[in-house]
Each structure stands twice: as C-alpha cells, then as structure tokens.
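In: got a structure for you, letters missing:
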C-alpha cells in the first residue's frame, strides 16, 4: 500500500500522524490539567470553609465571654462587643453556607448546626434582654436552668461545628489526593506522549526511508548495469515518483542504447580511423576502418602503442606533439602523419587528436590522404610542366609573332590578311600567357611560395601609372578614365603585385563598360586604412552572382559577358594578393546600374600621421 503512495503523500503522512498524536496528547493533558485545577479549587474552598468555621467558633466564644462580662459589670462596652459578635456570627454563617453549597452532606449537617445556633442565639438574646432591664439579679446566671440551657446549646453548637469541620476536612484531604493523582497523570501522559511521538516519528521515517532507499538503490543498480552494458532489473511497481523516475530512466536507457548502437554502426562503417589512446599512447579502442586503411584489425591494435605504427622519421615529432598535448587541458592537435601498414609500407594519413584531461585519454580521428598526396603531386607536376614545358615555347612563339608583325625587313612584308592573322595569333598567345601566369601566381600564393617585395609605396603613383597604361584601350572605345585621389596616400606593399590588382580591376571595368561611357577611380582614407574604388557604367551584376564572383574560373553568364573573353582567374588573383597584404576586397553592384569594385589596405605609419 505504501508503495502506491507518492513521496509527497508519504511526507504528509510522516508529518500528519505524529501531529495528530500530539494533538490528542495535548487534548488529554488539557483535560487532566482541568481536572487538577478543579481539584485544587475544591481544596481551596474546603480549606476556606474550615477556616471560617474556626473563626465562627472563636466569635461565638468571644460573644459568650462578652455576655458573661456584661452580666457581671453591666458595662456598655461588653454589651456592644456582644452585639458586634452576633453580627459577625451571622455573616460567617452566610460565607460558610456559600462555600459548602455544592456539598449536600455538609449542607445537611450545616442545617442542624444552624438550628442549634438559632437556639443559642435566642437564649443569649433573652439573657441580654433581661440584663438590660435588670430583671435578673447579679446571680441570675448562676441559676441551674439558664446554665444548663446555655451549656447544652454551646455543646451542641461545638459538636455540629466539629462534625462539619471533620466532613469538610475529609473532603479536602480526598480532594488533595485527587489533585496529586491528576498531576501525576498529567506528568505521565506528557512523558508517555513525548516518547510515543518520538517512537512513532522514528518508526515512520525509518520505514519510509528504507522503502525509498531500496527503490532508489534499484535505480542505482540499473544505472551501473546500463553503464556496464548489462540487463536492467525488473521495473519497479507502485505509483510514486520513484516508479516514474525508473520508467523515465528505462526510456532514456532505451533511447541511449539505440543511439549507442547507431553510433557504433556509424563508427564501425566510417572510412576514417576513429580510436582512443591512453596517456601512454596505447590504443584503447579502434574501429574497423583500421583494416581498410592499414590492413590491421582492431584486435591487433588494442594495447599496441600508436608510435609503433608511425614511420621512423616522424616518431619523435609525433611523440613530442602528443606529450605537449597531454600537458594542456582539453587541447587539440591536427597534422599529417605517415603510418606503416601491415606490410610496413608508408601510408599518409591526416589526424586530429583531442586530449581529455578528465578521462586522461586522447580521442583521435585519422583518414587516408594518399589520394590527396597523389593529387598534389600530379598538380605540382602539372604546374612544373606548365611553367617549363608550356610557358617557355609560348613565350618564344609570341616573340616570333611580334617580330613577324613589326620586323618586315627581316621576314619580308606580309599582306593585309597575313598581318590580321598574325595579330590574332599574337593576341591569343598573350591571353594564354596571362592565363598561365595567373594560374602560377595563385598556386604560389596558396602554397605559400609567393614572396612579396614590400616597401613604402605611393598608391597615387600606382593608380596614375595604371590609368596611363590603359589609356589607349579606353580611348579605342571612347571611354573616359577619371581619377579622384586623396593626396599622399602611402602603404607598405609589393608595387608590382598591387599594380597587377589595379590594372586587372581597371581593365575589367573598361571591358564591361559601354562605348562613350566613363570609368572612375577613387582613392580615399578611412582611419588607418585606405580604400581604392573602381566604378563603371556597365551592365552591373545580379545579387545572386556576387558571393562567387572572386572564385577561380567563375564567370557571370550575361549577354555582355558572352561577347568578352576571359580566364576567370583575374578577380581570384586580386583577392589573393589583397588578402596577402592584410587587406580586404569586395564589390557593390545592382543589375543594370553599373558596378563598384573596391579594396582596402593598411596605411603606412607616415601616411597615417600625415592624415
């Protein structure tokens, strides 16, 4: 039943049961205390009643004494004392009657006492009356009848008073005993209640904590079993939150198990070698891709040192890198490492190593880059072929064609058709040489083999020289080349390469501008940088083509572009050169509204100060 209770309900029960018990205990203690208070009250009333009876006996004694003295002396003082005593007697009887009002037996005795007291009062009243009238002589009180009557009434008065006192006293003693009994009951109830409440709380908390601990222990065991890949225990029964937790854990374990199986499938079927190494560089786990890349099964690598399959000339380098990596927190290392396959032949691989300082393991991914190395070798051989076997003869042919066109006295005079054909061949050779040079330049930049001869250069002069050099091309189509240049703009750059960028942007602007239009070159400062802008009135470029405009061999497909021949390498080369100088390059254009190609460079310190 308790299993079906929720933890909240168990908590409420753990509080409510002791609280209800304590409330009952408080009610019992209050009842016992009230009884004790009643007993104490009755005791006090009995004690006061006895005190009043004793006081009344004293007053009666004083009254009798005053009567006797009055009869002997006829002194008015004694007569007044007698009368005052009579008044006190009446008042005392009223108080005693009020105190014994709830004691029927005492009231009955009090009635008899009151009757005898009336007789005594009447007798003393006749005596005082006779004394006042001097109807009796001084020896009147010595008469046998008066003495006997007075003595008998006094004895009866005293006897009744003694009986009443005894009755009240016995009740008082009984009340005292009852009060002590009630007080003892109160103390016993308090002690028993506190002990019982503590025991009840301990029992309930022990029972509930034991059941909760057992159920949570089951979940903990399931957690360990799941971590070790073992079967889970039976599901918990009941309807409490722990059962919900167990259900959620099982759902999570099922989802994680499925994810683990999928992850294992992905890892096992991956082409890359995915593995983990311990702090001694030994394989802890590895997927089956090692068989494909190295011809070594995972079982052959587990426990083996990673350095044992690294090519001899790279062992020290890899060991140093991994040692440095393990000394840092969650560090990463990327690099190309030649490994030895099952035949001890070299296999080029690219690896990423991540060191986990928490688990003290390297987590690694490596993939075969033999094809990449072969492609780079082919590319390098191709460029060498282009550079030596293609550019040299093309250059020689180009020089020959130029000599053929201009050197008439050497080769003889060409007719008009021959000159036209020779010029066309010469232009094609120039374009081919430009393409080869651009391709070689880009490759040098990407491989890091291009060296810049930087110096402090005036951009004003570079732009003016480029405009002057392209003036014939622009004039052939009636295009105006205009300049808006800030004065004395200098930067640290390779003058030849920067002139190449400016010439490329200007020649493109001229090519794509309509006849009789204009091309504007602007040079301005912006903080510690300068910016060159080339604006034309050409057809513009649609937004969809802008992101790829600086990629190699990319050409915008437009009706205007189709009429203009180009390699698609010019803008790519410009981007590489500008970025190599720490600059930025971009374009602003809207289809049909012309274009603005721009690049920015850091200013030389002197130029910054001059600004």
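Out: Yep, it's here. Treat the numbers as computed from the prediction; the structure is a model and nothing was measured.

In: quick check: longest helix of the protein.
Out: helix 144-227 (DSSP state H).

In: pLDDT (mean, whole number) over it?
Out: On average, the pLDDT along helix 144-227 is 72.

In: Name the strands paired with whichever strand in the chain runs longest and say parallel or antiparallel.
Out: If you go by DSSP state E, the chain has its longest strand at strand 346-356. As defined by DSSP bridges, the strand partners of strand 346-356 come to strand 332-340 (antiparallel), strand 361-368 (antiparallel).

In: Off-centre distance for that strand?
Out: 35 Å (CA atoms, centre = their mean, to the nearest Å).

In: One more: stretch 530-544?
Out: Distance, stretch centre to chain centre, for stretch 530-544: 50 Å (CA atoms, centre = their mean).

In: same thing with stretch 345-355?
Out: 38 Å.

In: on that earlier part again, which outside residues touch the longest strand of the chain?
Out: Residues from elsewhere that reach strand 346-356 (CB atoms under 8 Å, 6 or more residues apart in numbering): 273, 293-294, 311, 321-322, 325-326, 328, 330-341, 361-370, 372-373. In this view, the C-beta of every residue, glycine as well, is placed from N, C-alpha and C.

In: Check which residues of it are buried.
Out: By 16 or more other CB atoms under 10 Å, the buried positions in strand 346-356 come out as 347-351, 353-355.

In: same deal with stretch 270-285?
Out: Result for stretch 270-285 [16+ other CB under 10 Å]: buried residues 272-277, 281-283.

In: so what's residue 193 up against?
Out: 21-22, 25, 28-29.

In: how about those, which pair is most distant?
Out: Farthest apart among these by CB to CB are 21 and 29. That separation is 12.5 Å.

In: Next one, pLDDT for residue 365 please.
Out: According to the prediction, residue 365 has pLDDT 91.

In: Can you name the residues bridging to it?
Out: Per DSSP bridges, the residues bridged to residue 365 are residue 274, residue 352.

In: residues in contact with it?
Out: By CB under 8 Å, 6+ apart, the residues touching residue 365 are 272-274, 351-352.

In: Quick check: of the residues you listed, which lies closest to residue 234?
Out: Of all the contacts of residue 365, residue 234 sits closest to residue 274, with 36.2 Å by CB to CB.

In: Is the closest one in contact with residue 286, as I believe?
Out: Yes: counting by CB atoms under 8 Å, residue 274 touches residue 286, with 7.4 Å between them.

In: and the buried residues of stretch 270-285, which two are the farthest apart?
Out: Farthest apart among the buried residues of stretch 270-285 by CB to CB are 272 and 282. That separation is 19.9 Å.

In: Name the stretch among the strands paired with strand 346-356 that sits most buried.
Out: strand 361-368 (a mean of 19; mean count of other CB atoms under 10 Å).

In: now that one, how far from the centre of its chain.
Out: That offset, for strand 361-368, works out to 32 Å (CA atoms, centre = their mean).

In: Quick check: neighbours of the helix or strand containing residue 519 in the sheet, parallel or antiparallel?
Out: If you go by DSSP states H and E, residue 519 is part of strand 518-526. Its sheet considered, strand 518-526 pairs with strand 480-485 (parallel), strand 529-536 (antiparallel) by DSSP bridges.

In: Report the buried residues of that strand.
Out: In strand 518-526, counting by 16+ other CB under 10 Å, buried: 519-523, 525.

In: what sits against the residue nearest to residue 226 when sequence neighbours are not counted?
Out: The shortest distance from residue 226 to any non-neighbouring residue, by CB to CB, 6 or more residues apart in numbering, is to residue 253 (4.9 Å). Counting by CB under 8 Å, 6+ apart, residue 253 touches 222, 226, 232.

In: what does residue 589 give?
Out: Taking CB under 8 Å, 6+ apart as the test, what residue 589 contacts is 540-541, 546, 595-596.

In: What spatial separation is found between residue 21 and residue 194?
Out: Separation of residue 21 from residue 194 (CB to CB, to the nearest Å): 10 Å.

In: In terms of helices and strands, where is the residue nearest to residue 167 when sequence neighbours are not counted?
Out: In space, and not counting its chain neighbours, residue 167 is closest to residue 106: 5.1 Å by CB to CB, 6+ apart. Using DSSP H and E, residue 106 maps to helix 104-133.

In: Pull the distance from that helix to the chain's centre.
Out: 97 Å.

In: just the strands in the stretch 351-500 of the chain please.
Out: Here the stretch 351-500 of the chain has its strands, by DSSP state E, counting those that start in this stretch, at 361-368, 454-458, 480-485, 490-494.

In: I'd like these laid out as CSV, including distance to residue 573.
Out: As requested, those are arranged in CSV below (distance: least, CB to CB, whole Å):
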stretch, distance to residue 573
strand 361-368, 31
strand 454-458, 18
strand 480-485, 22
strand 490-494, 13
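
In: which among the buried residues of strand 518-526 gets closest to residue 482?
Out: Among the buried residues of strand 518-526, and counting by CB to CB, the member closest to residue 482 is residue 520, at 4.9 Å.

In: So the closest one sits against residue 537, correct?
Out: No: applying CB under 8 Å, one finds residue 520 not in contact with residue 537, separated by 9.2 Å.

In: Looking at residue 21 and residue 194, which one has more neighbours?
Out: residue 21 (15 against 12; other CB atoms under 10 Å).

In: which secondary structure elements does the helix or strand where that one lies contact?
Out: Assigned by DSSP H and E, residue 21 belongs to helix 7-73. Using 3 or more CB pairs under 8 Å, 6 or more residues apart in numbering; DSSP states H and E, the elements in contact with helix 7-73 are helix 76-99, helix 104-133, helix 144-227, helix 241-269.

In: Could you rerun that using 7 Å?
Out: Contacts defined by 3 or more CB pairs under 7 Å, 6 or more residues apart in numbering; DSSP states H and E place helix 7-73 against helix 76-99, helix 104-133, helix 144-227.

In: could the ones you listed go into a markdown table alongside distance to residue 604?
Out: Shown next, in a markdown table, are the helices and strands packed on helix 7-73 (distance: least, CB to CB, whole Å):
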| stretch | distance to residue 604 |
| --- | --- |
| helix 76-99 | 122 |
| helix 104-133 | 128 |
| helix 144-227 | 64 |
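
In: rewinding a little: does the residue nearest to residue 167 touch residue 169 like I think?
Out: No: counting by CB atoms under 7 Å, residue 106 does not reach residue 169; the two are 10.6 Å apart.

In: of these two, who's got more company?
Out: Using other CB under 10 Å, the more surrounded residue of residue 106 and residue 169 is residue 106, with 23 against 15.

In: Report pLDDT for the more buried one.
Out: Reading off the model, residue 106 has pLDDT 76.

In: Tell me how far it lies from residue 170.
Out: In terms of CB to CB, residue 106 sits 10 Å off from residue 170.

In: How much space separates residue 92 from residue 471?
Out: 149 Å.

In: Residue 477 too?
Out: If you go by CB to CB, the gap between residue 477 and residue 471 works out to 12 Å.

In: Mind listing the shared neighbours of these two?
Out: Shared contacts of residue 477 and residue 471, defined by CB atoms under 7 Å, 6 or more residues apart in numbering, are absent.

In: Return the backbone torsion pair for residue 488.
Out: Reported as degrees, to the nearest 10, the phi and psi values for residue 488 are phi 50, psi 60.

In: what does residue 585 give?
Out: Torsion angles, degrees, to the nearest 10, at residue 585: phi -140, psi 150.

In: Quick check: closest non-adjacent residue to it.
Out: With CB to CB, 6+ apart as the criterion, residue 585 has its nearest non-adjacent residue at 4.0 Å, and that residue is residue 599.

In: The helix or strand harbouring that neighbour pairs with which strands?
Out: Element membership for residue 599, per DSSP H and E: strand 595-602. Looking at strand 595-602 with DSSP bridges, its partner strands are strand 529-536 (antiparallel), strand 584-589 (antiparallel).

In: any idea of the angle that strand forms with strand 454-458?
Out: Counting by axes from the mean of the first three to the mean of the last three CA atoms, to 10 degrees, strand 595-602 lies at 120 degrees to strand 454-458.
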